[in-house]
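1. Next come a sequence and a model predicted from it.
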Amino acid sequence: ENIVLSGGSTTFPGFGERLKKDLVDLYTDRILKGDPNRDVGKFANRVNVETPVDRKYSVFVGGSVLANIMKDNDTFWVTKREYEELGIEKAMKKCEGTFHE
């Protein structure tokens, strides 16, 4: 119901409006099956696409905050050695808390 855009590619002019339009169109086609007698307005009013002014840097700021919070949690990080020895799939499972040999 609430979508907050973030990242540089979301700064294209009209991106938020286009996303909302596409969501309403998908809802109309797939859920309402294109039935003209059903009201799409209720759904359209529930969808809120937020386009913060600083969204270009939101992803970096979020990653920076997460890295700072998790800096002392060794299970969150994958070392270069782990990545090289285990490969990406097994190394990422470590982060998910499901790392098993």
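-> Nice, I can see it.

2. For residue 31, see how far away the nearest residue to residue 17 once chain neighbours are set aside is.
-> Leaving aside its sequence neighbours, residue 17 sits nearest to residue 49 (Cβ to Cβ, 6 or more residues apart in numbering; 7.6 Å). C-beta: built from backbone N, CA, C; applies to glycine. Distance from residue 49 to residue 31, counting by Cβ to Cβ, to the nearest Å: 18 Å.

3. for the chain, what are the low-confidence residue spans?
-> Scanning the chain for pLDDT under 70 picks out the ranges 97-101.

4. Can you show me the strands along it?
-> 2-4, 48-50 (DSSP state E).

5. Mean neighbour count and distance to residue 37 for those strands - can I get that in a markdown table?
-> Listed next are these as a markdown table, based on neighbours: other Cβ atoms under 10 Å; distance: least, Cβ to Cβ, whole Å:
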| stretch | mean neighbour count | distance to residue 37 |
| --- | --- | --- |
| strand 2-4 | 11 | 28 |
| strand 48-50 | 13 | 26 |
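
6. Kind regards, and thank you for your time.
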